[in-house]
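Engineer: One predicted model, sequence on top.
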Amino acid sequence: MSSSPSNPPGGGAPLPANLDDPANVRRWLQKHHPKQLALLDNFEISLRLGRFGADASGKSAAPQGGGGPRGDVGPAPSRYQYGRERRLLTTRTVDLLRAIVGPARWKTPAQLLTLLRGLGNELHAAGGYREPAIGNVVRRVMYAVRDEADRTPQDMEKIDELTEQVSTRLRVTSPAPSAPTGAGSGTLSLASMLWAHPQHVTHRHSRQPSGDLGDRVRSDSFGSESGAGAACDPRGGGGGGPAAAWTCYPPHYHIRRDDLRQGVMEAIQEMMSELEDLHKNINEQAVQHIHAGEVILTYALSKTVELFLKAAAAKKRKFKVIVCEGSPHFGGHVMAKSLAEAGIDTTVIHDAATFAIMARVNKVLLPAHAVLANGGLIAPSGSNMVALAAKHNSVPVVTVAGMFKLCPMYPHEGQDTLNDLISPSSVADYGLVGDPALSEVEFVNPVHDYVPPRLIDLYVTNIGGFQPSYIYRLLAEYYHSDDWDAFE
C-alpha cells in the first residue's frame, strides 16, 4: 500500500498541510483543492516538455489535450525556438494563478503570499528558471497583494490590539534614533503607540545597510517574544515553522481580510488586459522611433520587433530593414520572409557581416528575453556582438520589450546569467566527434547573450520609452524588494 504525502511511511506524525510555509503549498492544495493541484501539475508537465510556444507566424500551436487552465498547449518543439511569443506563456501563467488563487480558501494576506511563494517555487523548479517572465508574473501578483494588504483594514479593533502588543514589546527596547522623542522609552506614551502602528513598521531588506538601529529595533520587536529577531527565509524552510510568518510579514498581514480577494482578482485581470494590449501599446510608438529613409538592423526572430516594424510600415513610413540570420537557429530567415510579405524592403545578411555593414545603419532593434535590474539585456545569442559593433560605429541600440520581461535580477554571473547551453548538434555534426583533430575541442552553444547597459540606448516598452539607468526605478513600481529573490 502506497503512503500519501500527508501520511509519511513509518507511522510518523502526518506532515503539516497549512499555509505557514511555502514548502507546504502542494500538500495544502492536495488536501483542500485537488482540482487546482491538477491544473498546476498539468502546467508543470507542459512547461518541462516545452509545449508552451508559438510557430514562426506567432500563432499558438494546435491544442493537444489538457495543459494549463485553458488546456491549449501544443506539441513539443523538436529544437529550441527563437521567436516563440513569450507573451502567450505569460498569459497562461496568469490564467493559472487566477484559477488557483480565486477559489482557494486562504483568509489572510500572509497566507496568500505564502501560497504565491509556493506556486512560484513549484514553477521555478519545473523549468521556470528558463522563462523569467513566469517568476515576474508571480512577483507582480505578490506586489498587488501587499499593496491591498497595506491599505487601512476595516477592523480597527484588531489593529489596536496588535498595536498594543507591539507597544508592549517596544517598552523593553532601547529608543531608536530615528523615532520621535519618547517613542522607545520605558513608559508607554502616545508617541510610542503611534510609532509602533503597523503602517510605520518597515522591514529592512537584506540589500539595505544594517547600520540603522531604528530598523533593527522594529524588526526585532516582531521577531519573537524575547525580541531577539529570529531569522526569516522568505523562500521557506529557514524560519522555524509557523512562527516564521510573524518575522516575514507585518502583524496586520495576519488579520482576516474578506475584501482582499476582490482586489487581488482585479489586479490579476488588469495584468491580463495589459498582456492583451501589449503589442498595441508598443506599436503606437513605432512612428516615434522609425523615420522615413532609415536603415534598420535587427537580429534573429522576434514577434515583438516584427510587429513593431510592420506598424511603422503601416503608417506609410518607407525604410529598409537588414536582418542578421541569427545562426545557428536562423530565425532571421523567417523574420525577413514575414517582413518582405508585408511590403518592407528587407535584406538578410550573415552574422559575420554585421560589423562591415553597421556603418550604413541608422538604428539597431534588438529583441529581449529579459531586462535585468541594472538595465542590462538578456537577448538571443549573438546580440552582444551586434551591440558592440553598433557602439563602435555610434549607432543607437533600441530594445523593444514588454514590461513583463522586467526581471529583478543582477548579472552577477556575467554571460551565464539566465543562460542555458543546448546541444551543439546545430553547430557541429556528431560525425566530427571521432575526428582526432577535434578531440580536444569543446563545443559551446549558448542560448542567450548578456548585453551590458552601456551598449543599450533605449528600451521601448508598453508603458513608454526608458533609458537603462531608469530601469531600477521601474522595479519599485512592479515588485516588492522582499520578493526579488523569492524563487532563486
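Structural biologist: Happy to help now that I have it. Predicted, not measured: the structure shown is a model, and the values here were computed from it.
Engineer: Please work out how many residues are found near residue 317.
Structural biologist: Residue 317 sits with 17 neighbouring residues when counted by other CB atoms under 10 Å. (C-beta placed from N, C-alpha, C; glycine too.)
Engineer: Ok, residue 428 next?
Structural biologist: 15.
Engineer: so is it in a helix, a strand, or just coil?
Structural biologist: Three-state call for residue 428 (DSSP: H, G, I helix; E, B strand; the rest coil): coil.
Engineer: what residues are up against the nearest residue to it once chain neighbours are set aside?
Structural biologist: Leaving aside its chain neighbours, residue 428 sits nearest to residue 443 (5.2 Å; criterion: CB to CB, 6 or more residues apart in numbering). Residue 443 makes contact with 424, 427-428, according to CB atoms under 8 Å, 6 or more residues apart in numbering.
Engineer: measure residue 443 to residue 327 for me?
Structural biologist: Distance, residue 443 to residue 327, by CB to CB, to the nearest Å: 14 Å.
Engineer: Contact partners for residue 324?
Structural biologist: Contact analysis of residue 324 by CB under 8 Å, 6+ apart lists 297-300, 332, 348-351, 354, 382, 386.
Engineer: Over to residue 142?
Structural biologist: Residue 142 sits next to 113, 116-117, 479-480, 483, 486 when contact means CB under 8 Å, 6+ apart.
Engineer: can you put those residues in JSON lines and add neighbour count?
Structural biologist: Output for the contacts of residue 142, formatted as JSON lines (neighbours: other CB atoms under 10 Å):
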{"residue": "113", "neighbour count": "27"}
{"residue": "116", "neighbour count": "25"}
{"residue": "117", "neighbour count": "25"}
{"residue": "479", "neighbour count": "22"}
{"residue": "480", "neighbour count": "20"}
{"residue": "483", "neighbour count": "23"}
{"residue": "486", "neighbour count": "23"}
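Engineer: Name the nearest of those relative to residue 277.
Structural biologist: Taking CB to CB as the measure, residue 277 lies nearest residue 479 of the contacts of residue 142, at 21.0 Å.
Engineer: For the closest one, grab phi and psi.
Structural biologist: The phi/psi pair for residue 479 (degrees, to the nearest 10) reads phi -130, psi 150.
Engineer: likewise residue 94?
Structural biologist: Dihedral pair for residue 94: phi -60, psi -40, per degrees, to the nearest 10.
Engineer: continuing past the helix or strand where residue 118 lies, what's the next helix or strand?
Structural biologist: Using DSSP states H and E, residue 118 maps to helix 109-125. Per DSSP H and E, the first helix or strand lying C-terminal to helix 109-125 is helix 132-149.
Engineer: Buried ones among the contacts of residue 324?
Structural biologist: Listed as buried from the contacts of residue 324 are 297-300, 332, 348-349, 351, 354, 382, 386; burial here means 16 or more other CB atoms under 10 Å.
Engineer: now those residues in CSV, with pLDDT?
Structural biologist: Formatted as CSV, these follow (pLDDT from 0 to 100):
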residue, pLDDT
297, 97
298, 97
299, 96
300, 92
332, 93
348, 96
349, 96
351, 94
354, 96
382, 93
386, 97
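Engineer: Tell me where the stretch 101-250 of the chain is predicted with low confidence.
Structural biologist: Low-confidence segments of the stretch 101-250 of the chain, defined by pLDDT under 70: 152-247.
Engineer: ok so, going back, do you know how far the residue nearest to residue 428 is from residue 429?
Structural biologist: Using CB to CB, residue 443 is found at 11 Å from residue 429.
Engineer: Can you tell me which of the buried ones among the contacts of residue 324 end up in helices?
Structural biologist: Among the buried ones among the contacts of residue 324, the ones falling in helices (DSSP state H) are 332, 354, 386.
Engineer: one step back: the contacts of residue 443 into a markdown table, with extra columns for pLDDT?
Structural biologist: Shown next, in a markdown table, are the contacts of residue 443 (pLDDT from 0 to 100):
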| residue | pLDDT |
| --- | --- |
| 424 | 82 |
| 427 | 79 |
| 428 | 78 |
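Engineer: Distance to residue 276 for the residues you listed - can I get that in JSON lines?
Structural biologist: Shown next, in JSON lines, are those (distance: CB to CB, whole Å):
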{"residue": "424", "distance to residue 276": "39"}
{"residue": "427", "distance to residue 276": "38"}
{"residue": "428", "distance to residue 276": "42"}
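Engineer: Identify, from those residues, the entry nearest to residue 436.
Structural biologist: Using CB to CB, residue 428 comes nearest to residue 436 of the contacts of residue 443, at 15.1 Å.
Engineer: isn't residue 373 right up against residue 407?
Structural biologist: Yes: here residue 373 reaches residue 407: they are 7.2 Å apart, a contact under CB atoms under 8 Å.
Engineer: and the two? which has more neighbours close in?
Structural biologist: Neighbour comparison, residue 373 and residue 407: the larger count goes to residue 407, with 25 against 17 (by other CB under 10 Å).
Engineer: Name the SS class of residue 364, please.
Structural biologist: Put simply, residue 364 is strand when judged by three-state DSSP.
Engineer: Report the contact partners of it.
Structural biologist: 296-299, 386-387, 390, 395-398.
Engineer: Quickly list what it is bridged to.
Structural biologist: residue 297, residue 397 (DSSP bridges).
Engineer: Relative to residue 393, how far out is it?
Structural biologist: With distances taken as CB to CB, residue 364 is found 10 Å from residue 393.
Engineer: Pull the number of nearby residues for residue 95.
Structural biologist: Neighbours of residue 95 under the rule other CB under 10 Å: 18.
Engineer: same deal with residue 320?
Structural biologist: For residue 320, the neighbour count with other CB under 10 Å is 16.
Engineer: same deal with residue 356?
Structural biologist: Using other CB under 10 Å, residue 356 has 11 neighbouring residues.
Engineer: Isn't residue 19 up against residue 116?
Structural biologist: No: with contact defined as CB under 8 Å, residue 19 does not reach residue 116; the gap is 10.3 Å.
Engineer: What are the neighbouring residues in contact with residue 358?
Structural biologist: When contacts are counted by CB under 8 Å, 6+ apart, residue 358 touches 297, 389-390, 392-393, 395.
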